[in-house]
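> when you get a sec, could you give me coordinates for this:
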Amino acid sequence: MSAFDWQRMLLGDFPFLFLGEVAFRAAFAFLVVFVFLKVSGRRGIRQLSLFELVVILTLGSAAGDVSFYEDVPLLPVAMVFVTLLVLYRATVLTMSHSERFSNWMEGKPVTIIKDGLYELNSLDYMNISSDEFFMELRQQGVEHLGQVRLGILETDGDVSLYFYSAEAVKPGLSVLPSEHRTDYQHVPVTAVYACTRCGHTQLMERQQQAACPRCEQVIWSRTLHHPRTR
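Numbers count the residues shown, from 1 in each chain. All right, here's what the predicted structure looks like:
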């Protein structure tokens, strides 16, 4: 074996015409995945449910293997496609007739914000930190929790938000990044502060240290109170 053997590095033992077979296999794999998505009834991907993600990953693995492995025949991949399509259709049909089965497969929407406060039971149950939602909230124009009347985590991973009117907005926990928000154990001035874990707000005196009565957290942040601008 010699160094920088371009035949070995680029094609190995395969003839040059094998590149044409790879192109054909890749086109076949692309067609299989595309047809599956069309036949399954999906109009787009955006957010996949857990069940749909498993189906796509399984199909993608089979399609990837057939694209460039010369010892993987095409018909077994076509059988994988047919089997997954049947399973997908059967599962969707069962889900449409059984709410219990549907909830087991894809879960249920979960309330994560209510009346400007994080729902601690939901966050603990989902094993999710409140910080994970800060970016999503900011992207939807939220600057603090006092602007949000209700927040629901949908089964596809999206967060649906329902807002207070400008007149009903109340002081709330800032969702801005740490460089734009200061947290305290001993608050520097008398003002309304928010618990950084659950969003509970209360008036605190200068240099006061307190545990949140809702979640027992001891870190506080100065609340914001202005309405949304968009």
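
> now the helices for the protein?
6-10, 18-40, 50-68, 74-97, 99-106, 120-125, 131-139 (DSSP state H).

> what's the closest of the ones you listed to V159?
helix 131-139 (4.9 Å; Cβ to Cβ). Heads up, the C-betas are built off the backbone N, CA and C, glycines and all.

> list the buried residues for that closest one?
F133, F134, E136, L137 (16 or more other Cβ atoms under 10 Å).

> residues contacting the third one?
With contact taken as Cβ atoms under 8 Å, 6 or more residues apart in numbering, E136 is in contact with V159.

> please renumber the chain so that the first residue is 251 from this point on.
Got it, the first residue is 251 from now on, which makes the last one we talked about E386.

> tabulate the helices of the chain (a markdown table), appending mean pLDDT.
Output for the helices of the chain, formatted as a markdown table (pLDDT from 0 to 100):
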| stretch | mean pLDDT |
| --- | --- |
| helix 256-260 | 65 |
| helix 268-290 | 71 |
| helix 300-318 | 71 |
| helix 324-347 | 79 |
| helix 349-356 | 77 |
| helix 370-375 | 76 |
| helix 381-389 | 81 |
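
> which among these is found nearest to A444?
Proximity to A444 (Cβ to Cβ) singles out helix 381-389 among those, at 13.3 Å.

> can you redo the helices of the chain as CSV with distance to I363?
Below are those laid out as CSV (distance: least, Cβ to Cβ, whole Å):
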stretch, distance to I363
helix 256-260, 55
helix 268-290, 33
helix 300-318, 23
helix 324-347, 28
helix 349-356, 21
helix 370-375, 9
helix 381-389, 8
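
> which among the ones you listed is found nearest to H476?
Closest among the helices of the chain, once you apply Cβ to Cβ, is helix 381-389, at 14.9 Å.

> check the spacing between the residue positioned nearest the centre of the chain and E382 real quick.
Closest to where the C-alpha atoms of the chain average out (Cα atoms, centre = their mean) is G407, at 4.3 Å. Look at G407 and E382: by Cβ to Cβ, to the nearest Å, they are 11 Å apart.
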